[in-house]
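>>> this one's structure only:
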């Protein structure tokens, strides 16, 4: 299979079967909601580079569902009134990121519970799972993602979404520190810019797990029947 190491393609034939076993895998899609992706000028935390991966992520998820691999959508949600952010110890990005991009209009509305900014832009099907209460950068903090994955007997997480150099990278580090195997679909994530996106993927490839193209991962899963273990329902779907 082709992976990417420090930005360069690299062929592997052995040594990573456990990373590529679909029977022990879940896909985790991070922060693909209106608070980042809405095209309106009052979008509170715009990530416009990620808009072009909405359709590709939806197409990837359709194939993932056909294999019986669970999809977990994670979104940032903050309490009304700002107790866990604006009126407490606020998230660092609120003061640091504007030093690079300038003032962010309406940033106070970002991720407020019950607002339209928490609505997913990518498609969520009834069989999918949702993790909320992501209040900072990692999908593991302070959410129940780890609890959910362990109860599903998941050992490998495949990450997509945004930002590559922020929430995706933080989630990859936390997943690794929680002893999950990490795979990042490089064509289904977007970063602050090309430079930081490439840097984040390079760090993942050297320290945290596999960086792959989603089409290569799908092809690997299709060929995975001989080594499937522990999930007969998924094995039947992939077969």
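Arrived safely. What you see is a predicted model; the values in this text were computed from it and never measured. Numbering: from 1, shown residues only.

>>> looking at this protein, which strand is longest?
strand 181-190 (DSSP state E).

>>> pairing partners for that strand, with directions?
strand 156-162 (parallel), strand 209-212 (parallel) (DSSP bridges).

>>> quick one: which of these is nearest residue 9?
Nearest of the strands paired with strand 181-190 to residue 9, taken as Cβ to Cβ: strand 209-212 at 10.1 Å. In this view, the C-beta of every residue, glycine as well, is placed from N, C-alpha and C.

>>> next helix or strand past that closest one?
helix 214-222 (DSSP states H and E).

>>> show residues contacting that next one.
1-3, 20, 22, 56, 60, 63, 67, 69, 158, 160, 183, 185, 187-188, 238 (Cβ atoms under 8 Å, 6 or more residues apart in numbering).

>>> tell me the angle that helix makes with strand 156-162.
160 degrees (axes from the mean of the first three to the mean of the last three Cα atoms, to 10 degrees).

>>> now helix 214-222: buried residues?
Applying a neighbour-count criterion of 16 or more other Cβ atoms under 10 Å, one finds 214, 216, 217, 218, 220, 221 buried in helix 214-222.

>>> between these, which is nearest residue 11?
Nearest to residue 11 among the buried residues of helix 214-222: residue 216, at 10.4 Å, using Cβ to Cβ.

>>> against residue 20, how distant is the closest one?
Distance of residue 216 to residue 20, computed by Cβ to Cβ, to the nearest Å: 10 Å.

>>> between the two, which contacts overlap?
Common neighbours of residue 216 and residue 20, using Cβ under 8 Å, 6+ apart, are residue 1.

>>> quick one on the thing from earlier: can the strands paired with strand 181-190 go into TSV with extra columns for mean neighbour count?
TSV is the format used below for the strands paired with strand 181-190 (neighbours: other Cβ atoms under 10 Å):
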stretch	mean neighbour count
strand 156-162	26
strand 209-212	24
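
>>> residues near residue 171, how many?
27 (other Cβ atoms under 10 Å).

>>> that one against residue 31, yeah?
No. Contact between residue 171 and residue 31 fails when scored by Cβ atoms under 8 Å: they sit 9.7 Å apart.

>>> mutual contacts of the two, please.
Common neighbours of residue 171 and residue 31, counting by Cβ under 8 Å, 6+ apart, are residue 74.

>>> pull the contacting residues for residue 53.
By Cβ under 8 Å, 6+ apart, the contact set of residue 53 is 160, 162, 187, 188, 189, 190.
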